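> When you get a sec, could you give me coordinates for this:
(one chain, ligands or ions: 1)
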Amino acid sequence: MTNRRPSSARWLEEHRNDPYVAAARRDGYRSRAAYKLIEIDAAMAARNGGRGLLHRGNVVVELGAAPGGWTQVAAVRVGAAGRVVALDLLPMDPVPGALILLGDFLDDAILEPLRAGLGPSGQADVVLSDMAPNMTGFKVADQGRGALLAEAAFDFAFSVLRPGGGVVLKLFQGPDFHGQVRRARTHFDFVKVEKPPASRDRSAELYLIGTGFRPDSVSFPEEFSDRGMPCES
Ligand SMILES: C[S@@+](CC[C@H](N)C(=O)[O-])C[C@H]1O[C@@H](n2cnc3c(N)ncnc32)[C@H](O)[C@@H]1O
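Numbering: from 1, shown residues only. Coordinates of the predicted model:
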């Protein structure tokens, strides 16, 4: 392996020694990322008298789902009475109980199949986003692309969440971060930012958890934005 760049050699070494990688293999999860959602939900349950974010019968939208660790967790938690609509740019293998959509969340054409997947109510109990851009190594460009995905996920969540619904959205530390948290605080009764233990220290990712969505905090003026999304009051 003489021609391997030091960073990929370090990644391989880390991967080999990573307890979450071993646990995912043992527990049948497709990715170590599954434990981030499990830990976030457990932390919510611990502070909320045992009540986590994902419940039997929930309708869940998941953005940036491949290879499917979060999808596996969500599909088991919502059970046969619920539904999970999972989207990614990349193809992924089926997950029992989940509708898998292939497409770019930033492409308006995907909004209609996403909404159709929600079922008759057209509403979601929970919106999850673990979307991450392909990192270029150029900090400003990467932060900008991460922020764009997070903003689009917020807009979408505000347009489909039922009153009282919740989100778990991946955010990236950077110039837009505090504004995004402030934005969430105007629309949810409870907002918390978590770095679950399964998230690597060197990753700039953080997860915003919002519960108790207040639809009346979002206004729907006659003029809609390009994506048919509501504007905020
Ligand atoms: C960290 S991975 C998700 C891991 C997943 N949560 C799991 O448990 O396996 C981030 C995903 O976001 C997806 N993604 C990035 N930009 C996207 C976009 N514009 N539309 C849809 N998916 C996107 C990537 O293709 C990638 O699969």
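> Surely Leu128 is within a strand?
Yes. When DSSP: H, G, I helix; E, B strand; the rest coil is applied, Leu128 is found to be in a strand.
> and it, bridged to which residues?
In this entry, Leu128 is beta-bridged to Glu62, Val168, by DSSP bridges.
> contacting residues around Leu206?
With contact set as CB atoms under 8 Å, 6 or more residues apart in numbering, Leu206 has these partners: Lys170, Leu171, Phe172, Gln173, Phe177, Val193, Glu194, Lys195, Ser199. Yep, even glycine has a C-beta here, placed from its N, CA and C like the rest.
> which among those residues gets closest to Ala34?
In terms of CB to CB, no member of the contacts of Leu206 lies closer to Ala34 than Ser199, at 12.3 Å.
> which SS class is the closest one?
coil.
> thinking it is in contact with Lys36, fair?
Yes. At 5.7 Å, Ser199 and Lys36 qualify as touching, with contact defined as CB atoms under 8 Å.
> before we move on, the earlier item: select from the contacts of Leu206 every entry located in helices.
In this view, those that belong to helices under DSSP state H are Phe177.
> Let's see if you can find the most crowded of the contacts of Leu206.
Neighbours were tallied for each of the contacts of Leu206 (criterion: other CB atoms under 10 Å), and the maximum of 25 neighbours falls on Leu171.
> who's in contact with that residue?
Counting by CB under 8 Å, 6+ apart, Leu171 has contacts Gly146, Ala150, Phe177, Gln180, Val181, Val193, Glu205, Leu206, Tyr207, Leu208.
> go on, Gly166?
Counting by CB under 8 Å, 6+ apart, Gly166 makes contact with Leu53, Asp125, Val126, Val127, Phe188, Ile209, Gly210, Thr211, Gly212, Phe213.
> can you tell me how far it sits from Thr136?
When distance is defined by CB to CB, to the nearest Å, Gly166 is 32 Å away from Thr136.
> does the closest residue to His15 other than its chain neighbours sit in a helix or strand, and which one?
Using CB to CB, 6 or more residues apart in numbering and skipping residues adjacent in sequence, the residue nearest His15 is Val21, 5.7 Å away. Assigned by DSSP states H and E, Val21 belongs to helix 19-27.
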